[in-house]
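Asker: Quick check, what structure comes out for this input:
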Amino acid sequence: MKVKSLQIQAVKVPLDKPIPSGKMVIHSADALLITLRTNEHFGEGMVFTLNGVRLNLIREMILSLESLIIDRDIRMHGEWIAQVWRELVFLGQRGVGAIALSAIDSALWDLKAKHADQNVSQLIGVVKTTIPMYRSGSLRLSASIPELQNEAQALVKEGFKAIKMSLGSKKIADDVARVKAVRQAIGDGIELMTDCNQQLTVSHAIRLGRQLEEFQLAWIEEPVIFNDHHGEAQIAAALDTPIASGENEFTALGMIEMIDKKSADILMPDLQRMGGPTELLKVAHLAQAANIAIAPHLFTQMSLPLAATMTNAIFVEYMPWFSPLYQEQLILNPDGTVNVPTTPGWGFNFDQKAVQQFLY
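Answerer: Have a look, this model is predicted:
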């Protein structure tokens, strides 16, 4: 049960149309697809950047860990994780090192589960067989109010019972009008999340949040710069609407700081910034002990089986960018949930015929 090879495939997945975000215009989601093989099975993982920025740097960092995983018995997964974290101390345990670790750790979990002929969720311990899924990557700040309403209604027709929209207008009244319009378009029965993409000040966020209370938002996400945990805590304490944050934090160390400062009502660990599933599970346990909810950021095909093992997971996020790379597709249930897969590994495998279309 030793790892015999590591393969990296670089892919560029163009978006249907460019997305103006708070920080950049996103044209493509560029990923590194990782495959580890033993003599009997293979395991897959993935990390990505936007617009291909520094993708080669991440690839080189992954390759720097190759000698540590080749000929390693997959049953010694924990020992390998501990060794990598020790070796990353000199360069820092946050940043590109954590992302490279995540790529291999994700593939290792898939590989271990396939050897055990179980889904990753079953290997860890399933606590729920369906998870609510919300749609993100749409309803952008650049859309007009009529466009927002049409787009929101279209997502609801697709079966989504929870959708997320962008905020961050200079005038509070403009953001209030946008939220009001979307709420009117979708009705009260649909969960509505908002994402400020770190664009507000503390005082602006509090004033905006108070005016949005009547629209019963599921959460307000990243109102201020991601590392201002003191500011997030001020906002969370001032508002009844839950504050969600954490997707830009690295490892459990960053999440411990957020928990300690009461920065968020909902933590949003990102698989690659956590350093992989092993570290993300630690975060979930820490959050559970602090009575804080979890809504993993992106990586739906891997986040879903992990969330199924967490009593405090309330949503998984769906962004359609990487769906074309997979053989299996996520299918919404009538109640807006998605079934946790039961097939071995993650339950989702890369479609190599499709992958060939996107290779660099």
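Asker: what about residue 84, which helix or strand?
Answerer: helix 77-88 (DSSP states H and E).
Asker: What is that helix packed up against?
Answerer: Using 3 or more Cβ pairs under 8 Å, 6 or more residues apart in numbering; DSSP states H and E, the elements in contact with helix 77-88 are helix 66-69, helix 96-115, helix 277-289. Yep, even glycine has a C-beta here, placed from its N, CA and C like the rest.
Asker: all strands for this protein, in order.
Answerer: 5-20, 25-37, 42-50, 130-135, 162-166, 191-195, 219-221, 243-245, 266-267, 293-294, 316-318, 337-339 (DSSP state E).
Asker: and the residue nearest to the spatial centre of the chain, what pLDDT?
Answerer: Geometric centre of the chain, nearest residue: residue 297, 1.9 Å, by Cα atoms, centre = their mean. For residue 297, the pLDDT comes out at 98.
Asker: again, but for residue 93
Answerer: As predicted, residue 93 sits at a pLDDT of 87.
Asker: Might one say that it is in contact with residue 251?
Answerer: Yes. If you go by Cβ atoms under 8 Å, residue 93 and residue 251 touch, sitting 6.1 Å apart.
Asker: Give the residues shared as contacts by those two.
Answerer: Common contact partners of residue 93 and residue 251 (Cβ atoms under 8 Å, 6 or more residues apart in numbering): residue 275.
Asker: These two: who's more crowded?
Answerer: Comparing residue 93 with residue 251 by other Cβ atoms under 10 Å, the one with more neighbours is residue 251, at 24 against 19.
Asker: who's in contact with the more buried one?
Answerer: The contact partners of residue 251, by Cβ under 8 Å, 6+ apart, come to 93-94, 98, 273-275, 279.
Asker: for residue 61, same thing?
Answerer: Contact partners of residue 61, counting by Cβ under 8 Å, 6+ apart, are 96-97, 99-100.
Asker: For the buried ones among those residues, write the corresponding ChimeraX selection.
Answerer: Selection of buried members from these for ChimeraX, criterion 16 or more other Cβ atoms under 10 Å:
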select :96,97,99,100
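Asker: Dump the contacts of residue 61 into JSON lines; add pLDDT as well.
Answerer: Listed next are these as JSON lines, based on pLDDT from 0 to 100:
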{"residue": "96", "pLDDT": "96"}
{"residue": "97", "pLDDT": "96"}
{"residue": "99", "pLDDT": "97"}
{"residue": "100", "pLDDT": "98"}
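Asker: In a markdown table, list the contacts of residue 61 along with distance to residue 38.
Answerer: Converted to a markdown table, those look like this (distance: Cβ to Cβ, whole Å):
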| residue | distance to residue 38 |
| --- | --- |
| 96 | 27 |
| 97 | 25 |
| 99 | 24 |
| 100 | 21 |
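Asker: of all the contacts of residue 61, which comes closest to residue 176?
Answerer: Within those, proximity to residue 176 (Cβ to Cβ) peaks at residue 99, which comes in at 37.1 Å.
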